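Got a predicted structure here, sequence first:
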Amino acid sequence: MIELLEKTFQHNGLVLAFAVVGLVMYVSMQCSRYLTMGRVHGSAIAIVIGLGLAYWGGIQTGGTKGIADVPLFAGIGLMGGAMLRDFAIVATAFEVQVVEAKKAGMVGVLALLLGTLLPFVVGAGVAYAFGYRDAVSITTIGAGAVTYIVGPVTGAAIGASSDVMALSIAAGLIKAIMVMVGTPAAAKFLRLRTPRSAMVFGGLAGTVSGVSAGLAATDRRLVPYGALVATFHTGLGCLLGPSLLFFATRALVE
Amino acid sequence: MIIYGTALLAVCHLLGIFLGDLLGTLIGAKTNVGGVGIAMILLICARLWMHKRGWMPQATEMGVGFWGAMYIPVVVAMAAQQNVVTALRGGPVAVLAALGSVVVCACVIALINRGEKPADDPLPPQAATIA
C-alpha cells in the first residue's frame, strides 16, 4: 500500500510538486493572516518554508539541491528549475501598464536605476569584505541584495555555485521581509504620502512582494503606484545583473 | 484560445533567451546576457501591438496571466532546492547585504521624497480594493 503510493508520487513528480507547493502556499497564507495579522506577506513566509525544506533536504541527503535530492520530491526540481522559473518571470511582464508607467516619468526611472545600483554595490561590497574574490560570486550576492529574483536569475546566467545562489536568495529574502515589516514604521521618515513618493519607494525598495505588502500596511491607495514601478525593478535587475553589472564587477576585481 | 497566450509567452521566452545568448556570444561573454529581460520587453511590445489590433481576447491573456500568477509558487519551489546548508555557514553575508541595502535605500527614498512639492500629486480620496 505504502509502496504503491510512493510509486504513484515518484512517477508523477511534477504533479506532486504542484500539490506540495500549493500546500506550502496555503499554510503560509494562513500564517500570514493569523500569526502576523497580514504584516508579513504570505509569499515571503512560503519562501522561508521553501528554504527550510531545502535545509531539511540538504541535511537528509548531504546533496546540493535541497529537497529535490530526496527522490520522492524530485519534481520540485523541475517546477523550480531554470526553465519554468524564467517562463513565469517573463509572464509577469504582462501585468505592466505602459501608459501608467509613463506617468512615473524621470523620477521613477531614476529611482529604478538607483534601486538596482545601490543595493548591488552594498551587497557586492559585503561579499568582498567577507572574502569572496571571484566576479561571479560577488555579482550574484550583489544581485541578491537587489531582489531575491534578480539574484538567482543573475547567478544562473553567469554560472554561480548553488551555495552562492542560496546566499543571494537569502539576502534578497531578508531584504524583502525587512521592507514588509519596516515600511509602516518608517513611512513618516520616508515621506510616503503621494503616488509619486510611492513610485520612488517602489523603484528603490525593489521586491514586488516587499513593496506591495509594505505599502498595503501603510496606505492601501499607494499600492498600485509602488507595485507598478517595482514590477519594472525585477526586469531591470534581470537585464543589468548578468550583463552590465557583471562586466563592471569583473573589470574591477579581475 | 488559452494556448495562444501561452504560445506567445513561449515564443517571446525562446526569442529572448536566444537573443540573450546571441548578445553574450557577440560581446565575448560566455553567458546569456539579459535574456529574461529581453523576453519581458518582447512580451510587453507584443501585447501592445496585438491589443491595438484586437488580437488579444481575454482567453489569450489568461494563457499568459496564469504563468505570471505561478511565479511566486515557482520561486518557492526554486527556494526549496537551494543549497541552504552551505549558505547558512556564510550567514552574516546575507544579513549584512540585506540590512545595508535597506538602510541605504531608505535614506535615498527619504531624500528624494523631501524634494517633492507638498501638494504635488494628491491621492484620490476613495481607497481602491487591493487583492
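Structure received. Numbers count the residues shown, from 1 in each chain, chains lettered A, B, ... in the order given.

Let me see the domain layout of chain B.
As recorded under automatic domain parsing, the domains making up chain B are B:2-82, B:86-115.

Save those as CSV, and put in mean neighbour count too.
C-beta coordinates here come from the backbone N, C-alpha and C atoms, glycine included. Formatted as CSV, those follow (neighbours: other CB atoms under 10 Å in any protein chain shown):
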stretch, mean neighbour count
domain B:2-82, 19
domain B:86-115, 19
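
Kindly reformat those as JSON lines containing distance to residue A:172.
Shown next, in JSON lines, are the domains of chain B (distance: least, CB to CB, whole Å):
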{"stretch": "domain B:2-82", "distance to residue A:172": "10"}
{"stretch": "domain B:86-115", "distance to residue A:172": "7"}
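
Any idea which of the ones you listed gets closest to residue A:203?
Nearest to residue A:203 among these is domain B:86-115; the distance by CB to CB comes to 8.8 Å.

how about residue A:131, phi and psi?
Dihedral pair for residue A:131: phi 100, psi 10, per degrees, to the nearest 10.

for residue A:37, that is, sorry about that
The phi/psi pair for residue A:37 (degrees, to the nearest 10) is phi 50, psi 40.

Low-confidence regions, the chain specifically.
This is for chain A. Applying pLDDT under 70 to chain A flags residues A:39-41, A:95-105, A:181, A:208-210, A:212-213, A:216-217, A:220-221, A:223-224, A:227-228, A:231.

try again with chain B
For chain B, the ranges with pLDDT under 70 are B:27-34, B:83-84, B:86-90, B:116-131.

90 instead?
Under the criterion pLDDT under 90, the flagged ranges of chain B are B:1-2, B:16-17, B:20-45, B:47-48, B:51-52, B:54-61, B:64-65, B:67-131.

can you give me the helices in chain A?
Under the criterion DSSP state H, helices of chain A are mapped to A:2-11, A:13-34, A:42-61, A:74-79, A:82-91, A:98-129, A:135-144, A:150-158, A:162-190, A:195-205, A:208-216, A:223-240, A:246-253.

Please produce a markdown table containing those helices, extended by mean neighbour count and distance to chain B.
Formatted as a markdown table, the helices of chain A follow (neighbours: other CB atoms under 10 Å in any protein chain shown; distance: least, CB to the nearest CB, whole Å):
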| stretch | mean neighbour count | distance to chain B |
| --- | --- | --- |
| helix A:2-11 | 10 | 16 |
| helix A:13-34 | 16 | 5 |
| helix A:42-61 | 22 | 3 |
| helix A:74-79 | 23 | 4 |
| helix A:82-91 | 22 | 4 |
| helix A:98-129 | 20 | 3 |
| helix A:135-144 | 30 | 6 |
| helix A:150-158 | 29 | 5 |
| helix A:162-190 | 24 | 3 |
| helix A:195-205 | 29 | 4 |
| helix A:208-216 | 28 | 6 |
| helix A:223-240 | 25 | 3 |
| helix A:246-253 | 17 | 7 |
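
Is it possible to get a markdown table of those helices that adds distance to residue B:38?
Shown next, in a markdown table, are the helices of chain A (distance: least, CB to CB, whole Å):
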| stretch | distance to residue B:38 |
| --- | --- |
| helix A:2-11 | 37 |
| helix A:13-34 | 27 |
| helix A:42-61 | 26 |
| helix A:74-79 | 24 |
| helix A:82-91 | 9 |
| helix A:98-129 | 16 |
| helix A:135-144 | 17 |
| helix A:150-158 | 12 |
| helix A:162-190 | 22 |
| helix A:195-205 | 21 |
| helix A:208-216 | 20 |
| helix A:223-240 | 7 |
| helix A:246-253 | 16 |
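
Nearest approach to residue B:68 belongs to which of those?
helix A:82-91 (3.9 Å).

Against which helices or strands is that closest one packed?
On a contact count with 3 or more CB pairs under 8 Å, 6 or more residues apart in numbering or on different chains; DSSP states H and E, helix A:82-91 meets helix A:150-158, helix B:2-26, helix B:35-52, helix B:58-69, helix B:71-79.

Next, the contact list for the nearest residue to residue B:105 once chain neighbours are set aside, please.
Once flanking residues are discounted, residue B:105 sits nearest to residue A:204: 4.6 Å by CB to CB, 6 or more residues apart in numbering or on different chains. Residue A:204 sits next to A:111, A:114, A:115, A:118, B:105, B:108, B:109, B:112 when contact means CB atoms under 8 Å, 6 or more residues apart in numbering or on different chains.

Farthest-apart pair in those, please.
Pairwise distances among the contacts of residue A:204 were taken by CB to CB; the largest, 11.9 Å, belongs to A:118 and B:112.

Please identify which of the helices and strands packed on helix A:82-91 is closest to residue A:4.
Closest to residue A:4 of the helices and strands packed on helix A:82-91 is helix B:71-79 (CB to CB; 25.5 Å).

Relative to residue A:59, which of the helices and strands packed on helix A:82-91 is closest?
The nearest among these, by CB to CB, is helix B:71-79 at 15.9 Å.

is any part of the closest one close to chain A?
Yes: shown here: helix B:71-79 in contact with chain A (CB under 8 Å from any CB of the partner chain) through B:71, B:72, B:73, B:74, B:75, B:76, B:77, B:78, B:79.

These into CSV, with extra columns for distance to residue B:99?
What follows is the residues of helix B:71-79 next to chain A, written out as CSV (distance: CB to CB, whole Å):
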residue, distance to residue B:99
B:71, 26
B:72, 24
B:73, 28
B:74, 27
B:75, 22
B:76, 24
B:77, 27
B:78, 24
B:79, 20
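
Of those, just say which sits nearest to residue B:24.
Nearest to residue B:24 among the residues of helix B:71-79 next to chain A: residue B:78, at 22.4 Å, using CB to CB.

residue contacts, residue A:191?
A:197, B:109, B:110, B:113, B:114, B:116.

Give me the nearest residue to the fifth one, chain neighbours excluded.
Taking CB to CB, 6+ apart, and ignoring the residues beside it in sequence, residue B:114 has residue A:191 as its nearest neighbour in space, at 6.0 Å.

Residue B:96 too?
residue A:126 (4.7 Å).
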